[in-house]
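Asks: Attaching a predicted model along with its sequence, questions to come.
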Amino acid sequence: MQNLKGKVVVVTGAASGIGRGTAVEFARRGCDLALVDLNLEGLKETAVLVEGLGRKASIHEVNVMQREQMEALPQQVLQEHGHIHILMNNAGITYEKNWADQSIEELERIIGVNCWGVLYGCKIFMPYLEQEEEGHIINLSSMLAFVGMPTQSAYAMTKSAVRGFSEALWAELQPTSIGLTCVYPGAVRTEILKTAAQHSVDEAKTLQLAELVDRFAMAPEKAGKKIVDAVVANKMRLVLGVDAKLMEFLKRCFPVMIHKIAAWGFKKRS
């Protein structure tokens with residue numbers, strides 16, 4: 001999708017982080033935005049940034065794991081913008097907890113947001129993308145789809161699912177005018193770990209990890225630029241960041257040893 005001018009982009013998880021960074025970059029390139037999240041204040045802040053670039057922004061307070069809310073969303077977007085050209089399934093959550101410490105309710109929420117949010121988005125928005133001359137879907141996976149890490153078992157499962165789903169859907173979309181890009185971010189300065197800390201067994205330790213990650217993490221604005229570039233180039237996949245590329249390389253070269261190292265690090269940290 002080389003011509004972005006005037007396109008309408010729906011971004012879930014748009015209140016902060018990668019969602020906000022990508023929404024602003026789309027606006028910078030001439031797109032209007034439908035911003036989706038449960039964080040209303042964050043959405044308002046993102047909308048101000050989009051409108052500051054001279055583009056229209058609508059705010060939609062929606063829980064992506066709720067089917068009824070997602071089914072109502074396309075019509076809300078059409079009422080505001082008249083078209084839907086690009087969908088970015090970005091909303092995601094995690095908890096930093098050992099498998100034994102995670103509750104069923106937490107697992108349901110991780111799967112609900114990270115998996116059902118993507119599935120609902122693609123299924124419900126597909127008919128509207130098909131009505132346009134060209135459309136595009138962006139699905140957010142993670143470098144943990146390459147290597148599952150301790151305390152992130154459920155998150156790794158959901159992001160691996162997004163990877164497999166996106167690869168299959170990409171192939172099915174080839175005869176159509178809809179493109180798909182699956183993004184595998186490494187460390188990006190987002191709120192996901194800080195939010196996870198509120199539900200962690202050891203909140204202080206998780207916050208320390210979040211601070212450490214922020215020191216070398218990619219800025220969300222830079223991530224947004226790379227994601228939009230990938231859409232313009234119609235790339236199937238985008239491995240985002242040196243750490244994600246390294247993780248994928250090490251998994252290919254040392255498919256078992258990398259997990260032994262992760263287990264050693266986890267035991268030492270515990």
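Replies: Great, that's in hand.

Asks: where does the stretch 101-250 of the chain have low pLDDT?
Replies: Within the stretch 101-250 of the chain, the stretches with pLDDT under 70 are 191-214.

Asks: the strands in the stretch 51-200 of the chain, which residues?
Replies: With strands called from DSSP state E, counting those that start in this stretch, the stretch 51-200 of the chain shows them at 57-61, 86-89, 135-140, 178-185.

Asks: I'd like to know which of those is closest to Glu172.
Replies: Relative to Glu172, the nearest member of those by CB to CB is strand 178-185, separated by 9.2 Å. For every residue, glycine as well, the C-beta is placed using N, CA and C.

Asks: Just the CA atoms of the closest one, as CSV, please.
Replies: Provided in CSV are the C-alpha atoms of strand 178-185 (Å, rounded to 0.1, in the frame of the first residue of the first chain):
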residue,chain,number,x,y,z
ILE,A,178,-5.6,-7.1,1.1
GLY,A,179,-2.0,-7.3,2.4
LEU,A,180,-0.9,-8.5,5.8
THR,A,181,2.2,-7.7,7.9
CYS,A,182,3.0,-9.6,11.1
VAL,A,183,5.3,-7.7,13.5
TYR,A,184,7.7,-9.3,15.9
PRO,A,185,8.9,-6.6,18.3
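
Asks: which SS state does the nearest residue to Met143 once chain neighbours are set aside fall under?
Replies: Nearest residue to Met143 in three dimensions, chain neighbours excluded: Ala244, at 3.8 Å (CB to CB, 6 or more residues apart in numbering). What DSSP: H, G, I helix; E, B strand; the rest coil gives for Ala244 is helix.

Asks: again with Leu33
Replies: Quick answer, by three-state DSSP: Leu33 is strand.

Asks: is it true that it touches Ala27?
Replies: Yes: Leu33 lies in contact with Ala27 (CB atoms under 8 Å); the separation is 5.9 Å.

Asks: higher neighbour count, those two?
Replies: Legend: neighbour count by other CB atoms under 10 Å for Leu33 and Ala27, higher for Leu33 (32 against 24).

Asks: got a list of what the more buried one touches?
Replies: Shown in contact with Leu33 (CB atoms under 8 Å, 6 or more residues apart in numbering): 8-11, 14, 23, 26-27, 46-47, 50, 55-58.

Asks: Determine which two of those residues are furthest apart.
Replies: That would be Val8 and Thr46, which, of those, are the farthest apart (CB to CB) at 15.5 Å.

Asks: Between these two, which has more neighbouring residues?
Replies: With other CB under 10 Å as the criterion, Val8 and Thr46 differ in neighbour count, and Thr46 comes out ahead with 26 against 23.

Asks: Roughly how far does the closest residue to the more buried one other than its chain neighbours sit from Met65?
Replies: Distance criterion CB to CB, 6+ apart; nearest residue to Thr46, sequence neighbours excluded, is Arg20 at 4.7 Å. Distance, Arg20 to Met65, using CB to CB, to the nearest Å: 20 Å.

Asks: And for Glu172?
Replies: 24 Å.

Asks: quick one, which of these two is more surrounded?
Replies: Met65 (20 against 10).

Asks: my guess is the more buried one contacts Gly112, does it?
Replies: Yes: with contact defined as CB under 8 Å, Met65 counts as touching Gly112 (3.3 Å).

Asks: just to revisit the earlier point, are any of the contacts of Leu33 buried, and which?
Replies: Among those, the ones that count as buried by 16 or more other CB atoms under 10 Å are 8-11, 14, 23, 26-27, 46-47, 50, 55, 57-58.

Asks: any idea whether Ala47 is helix, strand or coil?
Replies: Going by three-state DSSP: Ala47 is helix.

Asks: Now it. Nearest residue, chain neighbours left out?
Replies: Nearest to Ala47 is Ala57, by CB to CB, 6+ apart, at 4.0 Å.

Asks: Is the one you found bridged to anything, and to what?
Replies: Leu33 (DSSP bridges).

Asks: which residues does it contact?
Replies: 23, 27, 32-35, 46-47, 50-51.

Asks: For Gly121, grab the count of nearby residues.
Replies: 25.
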